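1. Model the structure of this input:
(4 chains)
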Number of protein chains: 2
Amino acid sequence: MRPPGPQARVRLVDVAAHAGVSMKTVSNVVHDNPHVSPAMRARVERSIDELGYRPNLTARRLATGRTGMLALALPEMDQPYYAELARHVAEAAPEFGYRVLMEQTLLSADDEHAAIGSSQNGVVDGILLHPVRLTPEEIGALPRDLPLVLLGESAPPAADHVMIDNVAAARAVIQHLVDAGRRRIAFLGTVVDQLSDATAPRLQGYHEGLDDLGTPQADRCVLVCADYSVEASEAALSRALADGLQIDAVMCREDRFAVGALRALLRAGRRVPEDVAVVGWDDTEPARWSHPQLSSVAPDKRALARAALRLLHERIMGYQGAGRHVLVPHRLVVRASSQPAGDGGDAVDRRTSSRG
Amino acid sequence: MRPPGPQARVRLVDVAAHAGVSMKTVSNVVHDNPHVSPAMRARVERSIDELGYRPNLTARRLATGRTGMLALALPEMDQPYYAELARHVAEAAPEFGYRVLMEQTLLSADDEHAAIGSSQNGVVDGILLHPVRLTPEEIGALPRDLPLVLLGESAPPAADHVMIDNVAAARAVIQHLVDAGRRRIAFLGTVVDQLSDATAPRLQGYHEGLDDLGTPQADRCVLVCADYSVEASEAALSRALADGLQIDAVMCREDRFAVGALRALLRAGRRVPEDVAVVGWDDTEPARWSHPQLSSVAPDKRALARAALRLLHERIMGYQGAGRHVLVPHRLVVRASSQPAGDGGDAVDRRTSSRG
DNA sequence: GGGAAGTTTTACAGCGCTGTAGCGTCGGCC
DNA sequence: GGCCGACGCTACAGCGCTGTAAAACTTCCC
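-> Sure, this is the predicted structure:
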C-alpha cells in the first residue's frame, strides 16, 4: 500500500494569480506583515477566502527553519502527576506559539536519552524532559543540539531546569504534622540509589525538619518501597507495622505511596487520621478521591508548565546564557488524612511558597 | 527576540560530495532502497558517519507530502481514562510509523470542530478524535480533508469508528449484579441530552438487562449527575438516599461516578458491598485505589488504540471505502465493591467480549 | 564483437513557502 | 525643481529532500 498523491490543494501561488499579485504580497497578508495597503490586503483576503487557501505548514517550516512544535517527554503519561502536568503544558503551549508532541520514556534511560538526542531533527524546536533514570551527570554529558528544559529533580547545572523546593516542602510537611501533635513520623520512599530520584531531597527535608525539632534518630523511620506502585507501598508499610513499628504519622514520597499507606493502615486496624496521619505528595486528583481525603504537597503545576515553556521559548529564541534553575511555588493542602483528631471539615491550604 | 539562524548542519548534498556520489544515491542508502551496490553502500555509510549526517525531516515531508504524525484529540488528557488511552496510542503509534501530536478539546464543541478542520494542514497525516460534544450529525456534516477515526460513542455512519459494545457491557453488569443476588439496581449517569454522550447506550443496556429479567419499572432508578465530577455523583446519590431510595446496587456510567457513589454510601452509613454493590465503568487505575476496590467495565484500551491506529493508517494509505465500525473486546472486572457478601478475595475476571 | 537486458548511478525539477534584493512611486524638503 | 527616503510591491533564489527520466555501466548470449 502506498499513500495516494497529495490531493490538489490551493497554494500560495494560486492565490497570488487569482488576486493578480506576487506570492510575497499574499504571504505578507497571511502574516499580517506591514507594508501592505488596505486595498491590496482586502483584495488578497478575498482571494484567500474564495479559494479556501490554507498555508502548508511543512513548507513554511522548511523555509523558516522553525517547526512551532515542542516535544514533551514524560515517563508515563497515564500516571496522574504526569497526566496533569501534560495537561497544563498542552494548555499553555499555544500561548507561546507551540504545539506539543508527546514522547513517552517509560522509565527507560535509553528512551530519555533518545528524547534528548535529535532523532527529533527538524521535528521540534525544543524539548521538555522529565528525566527519572538519567543522572544529572549523564544528562550533562550528552550532546545537545536542541534547546532543552528539564522538569523534576535531576538536572546538571548547565541545563535549564524547573522544580519546586522539595526540601522546604518536606520541612513544611514535618512542621504541619508536629503542629498537629504528631511525634513519631515515618517517611515512605524509594531506594535512594539514583541522584535522579526525587526521593533524596524530600528525605533530606524530612531529616532537616526533624533535626530542627530535636527529634531523636530513634523516633525516625525511613521505609523503602520496591517500586512506584500502590502495592509496593502497601507491602512496605504493612510489613513494618507487622514488625511492631510505632508511628502516628507517615509522610510519603508521592500520592500513590500514600494510597498504599492508607490501605496498609486500614488493614492493620489503625484509624486515619486519629491513630496515624498520612500526607502524600503531588496532590493528584485521584488522591482526593481517597477516604479519608489525602493531604498532599501541591506543586503549582500550572506555574511549573509555564515556567518551563518560558525558559524553553527563550532558548529557542536564541538565549545562550548559563543554565537557569527556577523554583515554582508549592503549597501543602491539608485534608482529612492529616487533620488533628476531632478537627474535621474541609481542606485548609497552608501556603508555603518559595521562589528562585 | 528573533530565533537564531539555523546552525550549519550537514546536508544530504554534503554527504554526496564527501562520498563522491549523487544525492539520490545517498538518499537510497538512507532509505535502504534497492539498486545500490554493497561497495557503494559502504562508502556512503562511512561518509554519513564521518559527517554525522541526520536527515532533515521537514524537507523530507515537503518532498513526500507525508508527515508521519497523527493528532490525538482528547477532551482532557488528565482524566484517567483518556490518559490511559493516550498512553496506549503513544505506545502503539511507532509500530505504525507515526508520532503523536496531542490536542486537547477541553469538552468544547469548538475545539472538537477545530481538531477535525485542518488547521492541521500539513502538520499531521490523520486525526484520532474522541468527541464528547459534537453530535454524529455535526461530525458528518463537517468538511473533512484529512483521514479521521473516531473513538467513543459519537460517530456518523460515514466515518471510521472504534468502540466497545456498550449495551452488551451494561447488560453484563446487570447480569453480574443479579447473579450476586441484587434486585434493586440503580443507574448513575448524566442527563442524556446529547447523542454524543456515552450514557445513552449504557442506560439502554441497563434497561434491556432488567427487561430480560422481568424487573418491574418500579424497581429501577436512574440518577442524574449534574456534571462529570466525583462531587456531582456523590451529591446525586446522597440526595436520593436521603429521599429514601432503597437499593442494593449502583451501576455507574464511569469510574468517577462510582467513586462518588462510594462516598455517598459511606456517608449514609451503607456498607459496600454488603448493603450496596457498586460497579464503575472504564476500569481506570485510580478506581483500583478505592476502598473497597471497584468492580468496573474494562474496555480493552490497548485493542482500542490499535484498532483506531489501524483504521487510520489504512485511510492514510488511501482506503476510500465506507466507514468502518469496529467493536473491540471488553470485560467486566469484578472486585470487592460488588462481591457477594462473605465472598472476599481477589478480583475475578468475567470475560464478556464481543467483536464486530 | 555486438546487442539486448538488466542493473546501478546521475542530473535535475519540483514540494510550497519565505527572505532578500531591488524596482517603481510618492511625498517632503531644501 | 530635484533629490532622498520611505513605502508598496515584485521577482527569484533558496530551504533539504525525493521522484523521475535518462545516462552509464554490467553482464550475458548469440
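
2. Please make it C-alpha for all contacts and neighbour counts, starting now.
-> Fine.

3. What residues sit buried inside stretch A:308-325?
-> By 16 or more other CA atoms under 10 Å in any protein chain shown, the buried positions in stretch A:308-325 come out as A:A308, A:L309, A:R310, A:L311, A:L312, A:H313, A:E314, A:R315, A:I316, A:M317, A:H325.

4. swap in stretch A:99-116?
-> In stretch A:99-116, counting by 16+ other CA under 10 Å, buried: A:99-106, A:109, A:111-113, A:115-116.

5. got the end-to-end distance for it?
-> 18 Å (CA to CA, to the nearest Å).

6. contacting residues around it?
-> A:68-77, A:89-90, A:93, A:124, A:127, A:129, A:131-134, A:144, A:146, A:148, B:87, B:90-91, B:99-103 (CA atoms under 8 Å, 6 or more residues apart in numbering or on different chains).

7. ok and the residue in the stretch 201-350 of chain A nearest DNA strand C?
-> Nearest residue of the stretch 201-350 of chain A to DNA strand C (CA to the nearest atom of the strand) works out as A:M317 at 13.3 Å.

8. Grab the nearest non-local neighbour of A:A258.
-> In this structure, A:A258 finds its nearest non-sequential neighbour in A:G280, 5.1 Å apart by CA to CA, 6 or more residues apart in numbering or on different chains.

9. Helix, strand, or coil at the one you found?
-> Put simply, A:G280 is strand when judged by DSSP: H, G, I helix; E, B strand; the rest coil.

10. what residues are up against it?
-> Residues in contact with A:G280 (CA under 8 Å, 6+ apart) are A:M251, A:C252, A:R253, A:E254, A:D255, A:R256, A:F257, A:A258, A:L294, A:S295, A:S296, A:V297.

11. again, 6 Å this time
-> Counting by CA atoms under 6 Å, 6 or more residues apart in numbering or on different chains, A:G280 makes contact with A:C252, A:E254, A:D255, A:A258, A:S296.

12. before we move on, the earlier item: if we only consider the buried residues of stretch A:99-116, which is nearest to A:A39?
-> Using CA to CA, the shortest approach to A:A39 within these belongs to A:R99, at 33.6 Å.

13. which stretches of chain A aren't confidently modelled?
-> Applying pLDDT under 70 to chain A picks out residues A:1-8, A:118-121, A:192-196, A:341-356.

14. How is the residue minimising distance to the centre of it assigned, secondary-structure-wise?
-> Centroid check for chain A by CA atoms, centre = their mean gives A:L85 as the closest residue, at 4.3 Å. What three-state DSSP gives for A:L85 is helix.

15. Give me the nearest residue to it, chain neighbours excluded.
-> In space, A:L85 is closest to A:K301, 6.0 Å off (CA to CA, 6+ apart).

16. Which residues of chain A lie near DNA strand C?
-> A:6, A:8-9, A:11-13, A:23-24, A:27, A:31, A:54-57, A:59-60, A:62-64 (CA under 7 Å from any atom of the strand).

17. Please pull up the helix or strand immediately following the lengthiest helix in chain A.
-> In terms of residue count, the longest helix belonging to chain A (DSSP state H) is helix A:301-316. Sequence-wise, the next helix or strand downstream of helix A:301-316 (DSSP states H and E) is strand A:325-328.

18. Report the inter-axis angle for the helix or strand following that following strand versus helix A:301-316.
-> Next helix or strand after strand A:325-328 toward the C-terminus (DSSP H and E): strand A:330-334. Calculated by axes from the mean of the first three to the mean of the last three CA atoms, to 10 degrees, strand A:330-334 forms an angle of 170 degrees with helix A:301-316.

19. now strand A:330-334, how far from the chain's geometric center?
-> 17 Å (CA atoms, centre = their mean, to the nearest Å).

20. Dump that strand to CSV, restricted to CA.
-> Coordinates of each C-alpha in strand A:330-334 appear next as CSV, following Å, rounded to 0.1, in the frame of the first residue of the first chain:
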residue,chain,number,x,y,z
HIS,A,330,4.1,24.9,46.1
ARG,A,331,1.7,24.6,49.0
LEU,A,332,0.7,22.0,51.5
VAL,A,333,-3.0,21.1,51.1
VAL,A,334,-4.3,19.8,54.3
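
21. pretty sure A:P299 is touching A:H330, no?
-> Yes. Using CA atoms under 6 Å, A:P299 is in contact with A:H330, at 4.2 Å.

22. Between these two, which has more neighbouring residues?
-> A:H330 (26 against 23; other CA atoms under 10 Å in any protein chain shown).

23. what residues does the host helix or strand of A:L237 touch?
-> Counting by DSSP H and E, the element that carries A:L237 is helix A:230-242. For helix A:230-242, contacts defined as CA under 6 Å, 6+ apart pick out A:C225, A:A226, A:R256, A:F257, A:G260, A:A261, A:A264.

24. What are the phi and psi values at the first one?
-> Main-chain dihedrals, A:C225, degrees, to the nearest 10: phi -100, psi 140.

25. Next, the distance between the ends of stretch A:311-322.
-> Distance between the boundary residues of stretch A:311-322 (CA to CA) amounts to 12 Å.

26. Next, count neighbours for the spatially closest residue to A:S22 that is not a sequence neighbour.
-> Excluding its sequence neighbours, the residue lying closest to A:S22 (CA to CA, 6+ apart) is A:A16, at 5.4 Å. By the measure other CA under 10 Å, the count of residues near A:A16 is 19.
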